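Enquirer: Let me see the structure of the following:
(one chain, ligands or ions: 1)
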Amino acid sequence: MPDRPYVIDEMISAKTIAARVEALAADITAHFADTDKLIVVGLLRGSFVFIADLVRELRLPVEVDFLEASSYGNSTQSSREVRILKDLRGEIEGRDVLVVEDIVDTGFTLSHVMHILQGRKPRRLEICALLDKPARREVPIKATWTGFEIPDEFVVGYGIDFAQRNRNLPYIGKVRFTQNAG
Ligand code: IMP
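Expert: Residues are numbered from 1 along each chain as shown. Alright, predicted model coming up:
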C-alpha cells in the first residue's frame with residue numbers, strides 16, 4: 001500500500017492547529033490550576049509534535065514523559081492486541097497525569113493504555129487528543145479535550161505518519177490515492 005502513488009490534500013492548516021492548541025492549553029491550565037506538577041505523557045510516535053507545542057502553551061509546572069504502545073490488527077479487530085513497547089520512566093502514583101494522543105480511531109490503543117495507567121493509581125488522569133474520528137470507534141472512550149473531530153479519512157502531518165512518512169508536514173492533510181490498486 002505505501003508504494004501506491006498518493007497526494008496529500010490540506011485539511012487543517014498550521015495556523016488553525018496553532019490557535020486550537022492555544023485554546024486547549026488554556027482549558028488544561030485552568031483544569032489543573034492547583035497542581036504541584038502535571039506529568040504530560042506523550043504516546044509515541046504520533047504525538048511528538050503536538051506535545052511539543054502543547055506543553056509550551058501550558059502555564060503549569062510540567063514534567064514530560066513518553067510511552068509507546070503498538071497495536072497489531074488481525075482479521076478480527078476485536079481481538080486486537082496492544083503491547084507496551086516503551087514504558088514511562090517515572091512513577092505516576094498520586095500524580096496529576098495528562099495523556100496526549102494524536103488520533104483516537106477505534107479507541108483500542110487509548111483504552112488499553114488508560115487501563116494500564118489507571119492501575120498505577122494516579123491522582124487525576126485525563127486525555128488530550130489532537131484528532132478524533134468518532135465514526136471509527138469500536139471501544140467507548142472519549143478524550144477529555146479534543147482538538148478536532150474529523151471524518152473517516154486517513155490523515156498525515158503534524159507528527160502523524162503514513163508508513164513512517166509525512167510526519168514533518170506542518171499541517172494535517174488527508175491522503176488521496178491517485179491510482180487504483182492492482
Ligand atoms: P486506535 O487504537 O484504532 O484508536 O488507533 C489509534 C492510532 O492509530 C493512532 O494513535 C495513530 O497512530 C493510528 N492512526 C489512526 N488513524 C490514523 C490516520 O488517519 N493516519 C495515521 N495514523 C492513524
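
Enquirer: Can you get me the centre-to-centre distance for the longest helix along the chain and its chain?
Expert: Using DSSP state H, we find that the single longest helix of the chain is helix 14-31. Here helix 14-31 is found 15 Å from its chain centre; the criterion is CA atoms, centre = their mean, to the nearest Å.

Enquirer: Touching it from outside, list them.
Expert: Here helix 14-31 makes contact (CB atoms under 8 Å, 6 or more residues apart in numbering) with 50, 53-54, 57-60, 98, 126, 128, 130, 144-145, 147-148, 158, 170-172. Quick note: C-beta positions are derived from backbone N, CA and C, even for glycine.

Enquirer: State the next helix or strand along the chain beyond that helix.
Expert: Per DSSP states H and E, helix 14-31 leads on to strand 38-44 as the next helix or strand towards the C-terminus.

Enquirer: Can you check what angle separates that next one from helix 14-31?
Expert: 140 degrees (axes from the mean of the first three to the mean of the last three CA atoms, to 10 degrees).

Enquirer: Quick one: list the elements packing against the strand ranked longest in the chain.
Expert: Using DSSP state E to define each element, the chain has its longest strand at strand 62-72. Secondary-structure packing of strand 62-72 (3 or more CB pairs under 8 Å, 6 or more residues apart in numbering; DSSP states H and E): strand 38-44, helix 48-57, strand 81-86, helix 108-118.

Enquirer: who does the longest one touch, helix- and strand-wise?
Expert: Using 3+ CB pairs under 8 Å, 6+ apart as the contact criterion, the secondary-structure elements in contact with helix 108-118 are strand 38-44, strand 62-72, strand 81-86, strand 96-104, strand 124-132.
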